[in-house]
Each structure stands twice: as C-alpha cells, then as structure tokens.
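>>> can you look at this prediction? I've put the sequence above it.
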Amino acid sequence: MPEGHTIRRLASEHERLFAGTPVRVSSPQGRFGDARVVDGAVLEATDAWGKHLFHEYAGGRIVHVHLGLYGTFTTHALPAPTPRETCRMRIVGDDAAVDLVGATICELLDGGGKAAVLARLGPDPLRPDADPDRAWQSLRRRRIPVGQALLDQSVVAGVGNVYRAEALKAHGIHPLRQASSITEEEWRALWRTLVRLLRKGVREGRISGRTIYRLDACQTCGAPVRRWDLAGRWAYACETCQPL
DNA sequence: TGGGCATGCGCAA
DNA sequence: TGCGCCTGCCCAT
C-alpha cells in the first residue's frame, strides 16, 4: 500500500525502533551487498520524502528504499524468525527487527546521492516545509492531463493512484483536463485536500473513505465510475461529479 | 487452490 | 512500449 502516507509511517516507526543505537544490517537474499557498509553503524535518523525512505547512519551513510508496487517492510519481535529467501534487507536492533522484501530500490547513498534523489522530487504534502507554489509553477507548464501530472513525482511527491483519483473527485476536476487549465485557486484547494487525505492516511495507516477508486458506482451520486488507461495507469472519474 | 491484479518505477529494446 | 520486480489480496473454481 505504498503511497506517501505508508512511507511516512515507516520512517516514524523505524526511527522509534532503532534511532540512536547501533544496528545489525544484512541482506539474506544477497542483492543488497552494501548492507555490510552500514552493519553495526548507529542509525541516527530516518527521513521520508514522497514515496522515498531514507535510513541515515553515522558517517553520512544513507540507505535509500523505494517500495515500488509491492515492496513491504515487516516488523518482528526478538528473536526474529529465520528470514525468507527473498529478504533484501534485515535490520536488527535492541528490541526489534525489520525485514524488507520486494522493493524496487534498496541502495547505499551518500549525502550527495540523497540530494540528487530529492532534486527529482516535487513538494511532499506531508512535509511541513512543503511549498505548494513550486508544484503549481510546475503544473501550469505541463501540456498533459492533470491526472497524469499528479502522478508525476517531480510535480508532487507522494501521491499515488488512489489519492489522485480521490483528490480530483473531491474538487469535481476531470482527470483529463489539461494541467495548464487548472487555476491557482483550484490548485490551492487540491493541495489542501492532498494534505488532509495524506495526513488521514498516516493517522489511520490505510486509505479509508474511497468515493470512486476501484468502485463501480460513485459514492456521491451513484453514477457509474468510468475507468480508462491514462499513460499506463488506471484513471477513475465520475463524469457527473467531474464533468469534462 | 490457483490465477489475476495492483496504492510504482526503472530499464531494455 | 513492455517487462521485471516478487508480495498480498481478492475472487473464481
């Protein structure tokens, strides 16, 4: 379930479990060979930006994780069970262990590497320092549908298919409207909704209260939900609530 | 019990 | 443009 709210929760949990103490880091599967570089190091802090998670170790070593579509972290009490064969990274601390499987990215970076990742990302609605105007400046120049632009992580970071569908629906905006046609007022309202929905997702640990995403009928008016392929991802709209 | 699908993204072709 | 990643969930059988 990895949209931005999931990553934020993982960052908080991992910081609570491990921050300030040395941890054992390994790669039972073997595909994260650089695990040995941080094995035994102190995890100083965690950070989340959009769908990207960072474990920041002493000495400027940073482990960067992106879960992709079906990567997951699981947390175990100690003693941790034997890791499954596909476990990309295991972290063991004083009180708990976490296992990572199925991730798209699990790599070692330095500060410059992290900066390069962040440079490709737009503002994250979950971050207090996020600048929605940066996203607006980016959005208004795009000659693509607004639904496509909202999934572009260089415009806004952390929004996935569910939040895209629900946020546009909440404001009666059809996903196929041109990004450049969105007014500044509409964008500010959309941003506030993204902040509200993502924060709710962090609080609840899941995305609740869907009104169109993967539903047959609009929960507002009962009209059938239209679904079509938009740049390789399913898009959803109630064409009564969101006229084009 | 097993097939299909997906809240994502990078890369090869 | 389509595949690989390699899991969890839902649904048909």
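Structure's in. What do you need?
>>> give me every residue in chain A lying close to DNA strand B.
A:1-3, A:6, A:50-51, A:66, A:68-70, A:104-105, A:151, A:153, A:160-162, A:206-207, A:214, A:233-234 (CB under 7 Å from any atom of the strand). Backbone N, C-alpha and C define where each C-beta goes, glycine included.
>>> list the contacts of the closest residue to DNA strand B within chain A.
For chain A, the residue closest to DNA strand B is A:Gly160, as judged by CB to the nearest atom of the strand, at 2.2 Å. By CB atoms under 8 Å, 6 or more residues apart in numbering, A:Gly160 lies in contact with A:Pro2, A:Glu3, A:Gly4, A:Lys51, A:Leu151.
>>> who wins for most neighbours among these?
Among the contacts of A:Gly160, the one with the most neighbours (other CB atoms under 10 Å) is A:Gly4, at 28 neighbours.
>>> what about chain A, any weak spots by pLDDT?
A:1 (pLDDT under 70).
>>> mind listing the strands for it?
A:24-26, A:43-49, A:52-57, A:61-66, A:72-77, A:87-92, A:96-101, A:105-109, A:226-230, A:233-237 (DSSP state E).
>>> now render those strands as JSON lines, adding mean neighbour count and distance to DNA strand C.
Converted to JSON lines, the strands of chain A look like this (neighbours: other CB atoms under 10 Å; distance: least, CB to the nearest atom of the strand, whole Å):
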{"stretch": "strand A:24-26", "mean neighbour count": "18", "distance to DNA strand C": "15"}
{"stretch": "strand A:43-49", "mean neighbour count": "21", "distance to DNA strand C": "20"}
{"stretch": "strand A:52-57", "mean neighbour count": "24", "distance to DNA strand C": "15"}
{"stretch": "strand A:61-66", "mean neighbour count": "21", "distance to DNA strand C": "10"}
{"stretch": "strand A:72-77", "mean neighbour count": "14", "distance to DNA strand C": "5"}
{"stretch": "strand A:87-92", "mean neighbour count": "22", "distance to DNA strand C": "6"}
{"stretch": "strand A:96-101", "mean neighbour count": "21", "distance to DNA strand C": "4"}
{"stretch": "strand A:105-109", "mean neighbour count": "18", "distance to DNA strand C": "9"}
{"stretch": "strand A:226-230", "mean neighbour count": "14", "distance to DNA strand C": "10"}
{"stretch": "strand A:233-237", "mean neighbour count": "19", "distance to DNA strand C": "11"}
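>>> which among those is found nearest to A:Leu126?
Shortest distance between A:Leu126 and the strands of chain A, using CB to CB, is found for strand A:43-49: 7.4 Å.
>>> just checking, what's the longest helix in chain A?
The residue-count maximum for a helix in chain A (DSSP state H) belongs to helix A:184-204.
>>> outline the domain layout of chain A.
A:4-119, A:132-237 (automatic domain parsing).
>>> got the end-to-end distance for the longest one?
Same thing as domain A:4-119. 17 Å (CA to CA, to the nearest Å).
>>> run the chain-centre distance for that domain.
Put simply, domain A:4-119 sits 15 Å off its chain's centre (CA atoms, centre = their mean, to the nearest Å).
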